Each structure stands twice: as structure tokens, then as C-alpha cells.
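Chemist: how would this look folded up:
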Amino acid sequence: MVIQIAAGLTASVRRLQNVAKSAEPALGDFAELRIAAEIGKEYNELLNAVVLQARLRKVRWPAIAEILGVGTETARTRWEEAKAARLLARRRERGRKTARPRGSGPRQGGSRSRRSGGGAIDAQPRLASALSHLQRSSGRSMREIAKEAQVSTSYISRALSGERMPRWDVIVSFARSCGADPAQLRVLWEEANGKATTRPFFAGRPKARPEAQFQLASALQGLHLAAGRPTEQFIAERSLHRLTATRIGDVLGGRELSSWPDIEVVVTALQGRPEVIRPLWECLQLAANPEWTPENPLPPTSGSQTEVTTLRAESF
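Modeler: Model (predicted):
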């Protein structure tokens, strides 16, 4: 329970950061205030969970009170075990009521719970972060983006804060309005929607390799965008220099067939989920060599370097 609440609290703080960077005061939807109130509630739940956990581990009230900076009786009254347990039970009940049936997926264009499992705790804030970075770097206002996407400015504001899951057609319009390729946001959007990133793939068909390489490169560039487009040197430092900055640039640029360990280092350093990217990398291995298998990773067949930059998001 502590891990789940802490993850939700972290996601809420990220949403508040995105709103603070992107929100326009004239919108009047009080996004910052609403998210701050949610953070307060989540912090209270987290504190109750941590204190209850400490009590279950036989930590005495005087020690808890000293750490929290209150008197012993105050701590005992405020975080009494039965009271904390009831609060956390209500929280679990709320989670069960808002959870969707397995396989039903989120409503298109609606809100999605950050605690609905399947990686959604971090996925939607990651998508919101990518959108926020695009909006800021492009210099376009939310009103301009909303007008081109034919949605309200509040819709865009809530998408940037992570409060609303935008439809894919809105994502496409948003990216193009900001001068970006929608393909870079595809995997982020699918992950946030709880969709699988794998698609039917036939290694022997024409253009299989450039398409696979383009999809993998776009997914990596999307993660880079969601992280705020840090420099290759910064990523190298975050990865404890397991790769050089030059090598990281090659991986992000999709300029060659990279090994999975190299890609995993970059994805992890960008705070992505390697298991989401792995299927795209495997498709590229198959396209390069149809005899490739994870158990028998044969070297790729010889051939000229594939040009992937001419492909576009609507190809998929």
C-alpha cells in the first residue's frame, strides 16, 4: 500500500509541475489548486500508511512522535491504528469502484486513473510531460493548439496536466501544431491508454525493416521528449557512464541496429519501461533477419543502411 500511494503522490507532483509550467491564468479552471488539494489528500493517506506500517513493525509511539515532531499522545490520537486502517480501507474501496473491468480499456478522450495498473501510474504523466515540453518549446499557446485540434482550451490544459487522456486525433493535431512528428508520441499514448505496443508484423514484406526501425526510433525519441530532451552527456551521467554520450546519440537517432543492452540502458536512464520498448526492438531484429529469435540471436543479414526518415506516423 505504501508503494502504491507513494507512486500516486509522485505522479500528482509531476502533474502539478507540468501545469505550473504550461497553464494560462485566463483559463480559470483552477488546475493548480485542484491538483495541490489532491496532493494534500494523498500525502495524508501516505502518512497514515507509513505510521500504520511502523506500528505493525512494533515501532513505539514515542519514537514515531519524535520523528513527526508532535507529542506522543497527539501521534497516538491522530494516527491510531484502527483509524488509519479504516482510512486505508476506504481508499482501497474507492480504487475498486473506479477500476474498469479487465480488457475494457479507458474511454477515448476521457480521464484515466493513475492507479489502474498496467503501468498507468507513470505512463500518463510521462505523456503529459512530452506534450508540455512540445508546447513550451514551440512557443504556441494552448488556445492556438486547441483551435487547430478543434477542442476547447480547457481540454488541452487538462491533457497537459495529465488530468485528461486526449484522443489520438488530438495528439496528432497537437504534435503537428508544435512542429513535431506524431509518431514520437504514439507509444507514450498507447502505454498511457493501457494498449499493447506490438502490432501484427511480417518480417518478409517490403519496407518491413525501415518501418520497424522508424517505430523504434520514434518510441525512443518520445521518451527523450518526455524527459525534457536532456543532452546525451546528461543521459550518460544518469546511466553511470555505462554508455558514452556518442553511443547514446546513436541509439536515440536510430542510426544503426543497436543491441538490446544499449537500448535498455538509454530507456532506463530516461525513466521509461524497457518491457514496453522491447517488442519494437524485436520486430527490428526480425526485419533485419527473419531467422532471428531471442533464443538464437543470429547476426543481421548484410545490407545497406536503412533510411527511415521519410516514413510518417500515418503509415502505421
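
Chemist: can you list the weak-confidence ranges in the stretch 151-300 of the chain?
Modeler: Counting by pLDDT under 70, the stretch 151-300 of the chain has low-confidence residues at 196-205, 255-256, 295-300.

Chemist: any idea how far Ser132 lies from Gly228?
Modeler: 9 Å (Cβ to Cβ, to the nearest Å). For every residue, glycine as well, the C-beta is placed using N, CA and C.

Chemist: Ok, Glu148 next?
Modeler: On the measure of Cβ to Cβ, Glu148 and Gly228 end up 24 Å apart.

Chemist: Same question for Arg209.
Modeler: With Cβ to Cβ as the criterion, Arg209 and Gly228 are 31 Å apart.

Chemist: before we move on, what about Val70?
Modeler: 38 Å.

Chemist: now swap in Thr153 and tell me
Modeler: Taking Cβ to Cβ, one finds Thr153 at 24 Å from Gly228.

Chemist: Select the longest helix from this protein.
Modeler: helix 31-56 (DSSP state H).

Chemist: now that one: mean pLDDT?
Modeler: Throughout helix 31-56, pLDDT has a mean value of 85.

Chemist: In that helix, which residues are buried?
Modeler: 31, 35, 38-39, 42, 45-46, 48-52, 54-55 (16 or more other Cβ atoms under 10 Å).

Chemist: Centre of the chain to it, how far?
Modeler: Averaging C-alpha positions (Cα atoms, centre = their mean, to the nearest Å) puts helix 31-56 22 Å from its chain's average.

Chemist: Also stretch 66-73?
Modeler: Its chain's C-alpha centre and that of stretch 66-73 lie 37 Å apart, by Cα atoms, centre = their mean.

Chemist: Name the residues that touch it?
Modeler: Stretch 66-73 is contacted from outside by 51, 61-62, 65, 75, 78, using Cβ atoms under 8 Å, 6 or more residues apart in numbering.

Chemist: quick one: the residue lying closest to Glu232 once chain neighbours are set aside and Val251, what's the gap?
Modeler: Excluding its sequence neighbours, the residue lying closest to Glu232 (Cβ to Cβ, 6 or more residues apart in numbering) is Ala245, at 3.9 Å. Going from Ala245 to Val251 by Cβ to Cβ gives 11 Å.

Chemist: More neighbours: which of those two?
Modeler: Neighbour totals were compared for Ala245 and Val251, and Val251 leads with 23 against 14 (other Cβ atoms under 10 Å).

Chemist: what's near enough to touch that one?
Modeler: 220, 243, 258, 262-263, 266 are the contacts of Val251 under Cβ under 8 Å, 6+ apart.

Chemist: 10 Å - rerun?
Modeler: 216-217, 220, 224, 232, 235, 243, 258-259, 262-263, 265-267 (Cβ atoms under 10 Å, 6 or more residues apart in numbering).

Chemist: before we move on, what about Val151?
Modeler: Per Cβ under 10 Å, 6+ apart, neighbours of Val151: 109, 145, 159, 164, 166-167, 169-170, 173-174.

Chemist: For those, pick the one with the most neighbours.
Modeler: In terms of neighbour count, Ala159 stands highest of those at 30 neighbours, by other Cβ under 10 Å.

Chemist: ok, Arg136 to Asn18 distance?
Modeler: Applying Cβ to Cβ to Arg136 and Asn18 gives a distance of 10 Å.

Chemist: what residues do the two have in common as contacts?
Modeler: Jointly contacting Arg136 and Asn18 under the rule Cβ under 10 Å, 6+ apart are Leu160.

Chemist: Please say which of the two ends up with more neighbours.
Modeler: Shown here are Arg136 and Asn18; by other Cβ under 10 Å, Asn18 has more neighbours (26 against 15).

Chemist: Check what pLDDT the residue nearest to the more buried one when sequence neighbours are not counted gets.
Modeler: Nearest non-adjacent residue to Asn18, counting by Cβ to Cβ, 6+ apart: Ser132, 4.5 Å away. Looking at Ser132, its pLDDT is 90.

Chemist: burial of Ser132, as a residue count?
Modeler: Ser132, neighbours per other Cβ under 10 Å, totals 27.
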